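J.: Sequence first, then the predicted structure, then my questions.
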Amino acid sequence: MAQVTAQQLPSAAHAEHEHSHLSEEEQNNNLKLGVWLYLASEIVIFSIMIVGYVILRINEEEVVAQAHEQLGVGLVTANTFVLLASSYFMVMGLRAMQRGNRAGMLRWIGATALGGIVFLIGQYIEYSELSHLGIVLGFDAASQWSTLGMRFYAPTFFHGAHVFVGVVWALEVLRRGAQGRYDNNPIGIEMFGLYWHFVDVVWIMLFTLIYLV
Amino acid sequence: MAPAENHEAAAVARPALSDYLRWSVDHKIIGVQYGVAAFLFFIVGGAMAMLIRLELWTPALDLMVSGSAYNSLFTMHGTIMIFLFIIPMWAAFGNFVVPLQLGAKDMAFPWLNAFAFWLIPPAAVVVLLGYFVNPAEAGWTAYPPLSTLFSGDGQTLWALGAHLLGISSIMGSINFIVTILNMRPPQMTLWRMPLLCWAVLATSIIAVMATPFLAGALTLLLLDRVAGTTFFDAAGGGDVLLWQNIFWFYSHPAVYIMVLPGMGVLSEVLSVHSRKPVFGYRMVGLSSMGIAFVGFTVWAHHMFTSLQPELRIPFMITTMIIAVPTGIKMFSWLGTIWGGKIRFTSAMLFALGFMSMFVIGGITGVMLAALPFDIHVHDTYFVVSHFHFVLFGGSVFAIYAALYHWFPKITGRMMNERLGKIHFLFTYFGFLFTFFPMHIVGMLGMPRRVAVYVPEFQLWNQVISFSAFVLGFSTFIVIYNVIRSYYRGPIAGANPWRALTLEWATTSPPPPTNFDDDPIPYEDPYGYGTEAAAVYLAVVERAFDGDSSGR
């Protein structure tokens, strides 16, 4: 007497499953909470690397002082400015889209991606200068910088990797934006913005901690 | 119309077995995928345990070719059981049951859910590939310098695999948190949530906050291994203890990742199968959160022997404090079954088994928290016994209870209760006689992680090994029961246990969208024994089982 109705068959099920059951607002809320949780977990990983540097800063003050004396902060300051500016572009891009200005959004997000690329080039130049001075990632007992290298490169490279991911993400936002996918719902831009601002804030921490104090 | 396997056709169409082998974003399919995969790893890890016990049958090194082979054996046993069995197994039940209990139609991020699952098989392959080079042999805790200076390439693969599993776990947990907080229908308020949902919420918060510590530590470990850094090498200005601190800052909360969902299962099973409301519902929900919070403050008790003396007492105190929320749960369970109409189903037996075993594991936990005692039994079989009492006597018993409880919902068919009880007897006594004697040899001074021991411990070790083989055998009973019941078990109907939570207010197995509309939860998820509850259950029964000849 038990029967199977058409709706209960798996094939019908799969077709139905292609579409989400959620309203756009519900999906947006889920995405926001999800991205915040993701960023919370990122904070932890960065803190481990930052603490690694702080321990060195406390234990071997003279090494850090020497490094500060010999190395200028000109390049990295310029780089910091570029990254901060890109965060501003990001805000403007989102605002443009919220006002329905797709072309404006594409310009601003394009500038954001460009800022990220310039930052990465700057970081590459900085790394090659440092390696000429003998500051390298691996341990080298002969070098006076033997303990500094890994503690400097680990957080800054990890941050650089995040900038790289951000640039790729920005390009994807541009691609989707050009197709008009954000015209009615700019949540995707907003989520990218959360990530990009996060990467920026982490850099402000790293810049202050490693180069300034 | 339905592909009937035998003459008593299933009431509701089940997904085809091949659906479980494909990419799917349905949380119920993913739940089963997690469960079956995790159980396969349980068998692999269990086989390794059997080899360990075989080696320890005699005091000499006879089965293994070298001490290194034995090292990698217990390393892989621990790694597989923790990262590939228990944690994914809770993701299995969490996935299948939690959205249903909430009354949601799916998880918040179905695609992410599937992706998190499909990271596990490649991660397992990476970890096991170690056997083709030099398998990891630094224990599942991977302390440097063992894991940096004295291990082969398998250790690198181990770290990579653990990294992937950590990412999978973080993604899964973010999904659970968002689902539980955002996907409830309007009537499902937080204080109407079943306690399994509370437990999974607490577990997921721990996983999102703690697992990145593992990821960070593993990143540094990998750099030390492949890029020549010296984060954990004192000779290069690093700090060996840094690993232990970060690792346990993850791994102690992680033991609650492994047991909190089981505690949630207990509240469900004990209440349903004794027809009594959960005693102190709110306190039980809050105690999950309490455990999640206090769990972050106790990590250094794993390092009592290497810790600065002035830090020992604070960690001893926090460790003892965490027994309080755990005790709240234990007394809630006792209060729940007290005076209830207990039905000794297989699920109930395993839940009661959990209570008896977890109490022993909890008490030895407090003993180990006491510094003078810990220094004495540090790194002995007493510790091995303690964590098996909480991880097997706790988590695995709860996994079995959950299996017997929700199998009818998952497959639409009942498990065989007779086989279930036989399985319980073998598991219970096999477990007890495997791990209880370890307390004794531990206190007598037998160190863990060593293949060779003094001959005077041989009798105890043979008792332990024999019982371990009985325990290993018990697994075949449940495998047989699952396969047999999947094809021939009696049709379950929507609500075979007459439970009030929402996963039972739909067909077994549930249709792909779970519910037709937003379901309305009964006002109290555990309000058994009242007229109103009986009326509600009768309505559910009529809606799904009374006349199922279409709609």
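T.: That came through, no problem.
J.: low-scoring pLDDT stretches of chain A, where are they?
T.: Per-residue confidence of chain A (counting by pLDDT under 70) places the weak regions at A:1-20.
J.: quick one: the helices in it?
T.: Defined through DSSP state H, the helices belonging to chain A, from first to last, are A:10-17, A:24-59, A:61-70, A:74-98, A:102-132, A:148-178, A:187-206.
J.: nearest to B:Ser18, of these?
T.: helix A:10-17 (10.2 Å; Cβ to Cβ). Placement of C-beta: from N, CA and C, glycine included.
J.: so what does the helix or strand harbouring B:Phe117 touch, helix or strand wise?
T.: Assigned by DSSP states H and E, B:Phe117 belongs to helix B:110-118. Here helix B:110-118 touches helix B:27-55, helix B:87-102, helix B:153-182, going by 3 or more Cβ pairs under 8 Å, 6 or more residues apart in numbering or on different chains; DSSP states H and E.
J.: orientation of the following helix or strand past that helix relative to helix B:27-55 in degrees?
T.: The element immediately downstream of helix B:110-118 (helix or strand, assigned by DSSP H and E) is helix B:120-129. On the basis of axes from the mean of the first three to the mean of the last three Cα atoms, to 10 degrees, helix B:120-129 is oriented at 20 degrees to helix B:27-55.
J.: Tell me who's in contact with B:Ser151.
T.: Neighbouring residues of B:Ser151 by Cβ atoms under 8 Å, 6 or more residues apart in numbering or on different chains: B:134, B:136-138.
J.: Let's verify it: helix, strand, or coil?
T.: In terms of secondary structure, B:Ser151 is coil; the call rests on DSSP: H, G, I helix; E, B strand; the rest coil.
J.: what separates the helix holding B:Phe117 from the chain centre, distance-wise?
T.: Relative to the chain's own centre, helix B:110-118 is displaced by 19 Å; criterion: Cα atoms, centre = their mean, to the nearest Å.
J.: Do me a favour and average the pLDDT over it.
T.: Throughout helix B:110-118, pLDDT has a mean value of 96.
J.: cool, stretch B:240-251 as well?
T.: Rounded to a whole number, the mean pLDDT of stretch B:240-251 is 93.
J.: wait, does it make contact with chain A?
T.: Yes. Taking Cβ under 8 Å from any Cβ of the partner chain as the criterion, stretch B:240-251 and chain A are in contact, through B:242, B:246.
J.: wait, doesn't B:Pro510 sit right on B:Ile29?
T.: No. With contact defined as Cβ atoms under 8 Å, B:Pro510 does not count as touching B:Ile29 (11.4 Å).
J.: ok, A:Val136 - contacts?
T.: Neighbours of A:Val136 in contact, by Cβ under 8 Å, 6+ apart: A:143, A:145, A:149.
J.: now with 10 Å?
T.: A:Val136 is in contact with A:127, A:130, A:143, A:145-146, A:148-150, A:153, B:227-229, counting by Cβ atoms under 10 Å, 6 or more residues apart in numbering or on different chains.
J.: Quick check: buried residues in the helix or strand where B:Thr336 lies?
T.: Element membership for B:Thr336 (DSSP H and E) is helix B:323-337. Neighbour-count burial for helix B:323-337 flags B:323, B:325-326, B:328-330, B:332-333, B:335-337 (criterion: 16 or more other Cβ atoms under 10 Å in any protein chain shown).
J.: Look up how far B:Ala138 lies from the closest residue to chain A within the stretch 151-300 of chain B.
T.: When Cβ to the nearest Cβ is the measure, the stretch 151-300 of chain B has its nearest residue to chain A at B:Gly228, with 2.8 Å between them. As for B:Gly228, its distance to B:Ala138 is 19 Å (criterion: Cβ to Cβ, to the nearest Å).
J.: Between these two, which has more neighbouring residues?
T.: Using other Cβ atoms under 10 Å in any protein chain shown as the criterion, B:Gly228 and B:Ala138 rank with B:Ala138 on top: 21 against 15.
J.: Could you pull up the residues touching the more buried one?
T.: B:71-72, B:75, B:144-148, B:150-151, B:154-155, B:158, B:221.
J.: Among these, name the buried ones.
T.: Applying 16+ other Cβ under 10 Å to these flags B:71-72, B:75, B:144-148, B:151, B:154-155, B:158, B:221 as buried.
J.: now, among these, which is nearest to A:Glu190?
T.: The shortest distance between A:Glu190 and any of the buried ones among the contacts of B:Ala138, using Cβ to Cβ, involves B:Leu221 and amounts to 35.8 Å.
J.: In contact with that closest one, which residues?
T.: Applying Cβ under 10 Å, 6+ apart, we find B:Leu221 in contact with B:138, B:142, B:144, B:147-148, B:155-156, B:158-159, B:162-163, B:229, B:231-232, B:243, B:246-247.
J.: That one: which element?
T.: For B:Leu221, the enclosing helix or strand under DSSP H and E is helix B:195-226.
J.: What is the neighbour count of B:Leu119?
T.: The tally of other residues near B:Leu119 (other Cβ under 10 Å) stands at 18.
J.: surely it meets B:Asn113?
T.: No. Contact status for B:Leu119 versus B:Asn113: not in contact, 11.3 Å apart, counting by Cβ atoms under 10 Å.
J.: for the helix or strand containing B:Ile410, the distance to its chain's centre please.
T.: B:Ile410 is located in helix B:397-411, with elements delineated by DSSP H and E. Between the centre of helix B:397-411 and the centre of its chain there are 13 Å (Cα atoms, centre = their mean).
J.: so what's residue 112 up against?
T.: Going with chain A. If you count contacts by Cβ under 10 Å, 6+ apart, A:Thr112 has them with A:85-94, A:166-167, A:169-170, A:173-174, A:192-193, A:196.
J.: actually chain B
T.: Neighbouring residues of B:Leu112 by Cβ under 10 Å, 6+ apart: A:34, B:25, B:171-172, B:174-175, B:178.
J.: Great, nothing more from me.
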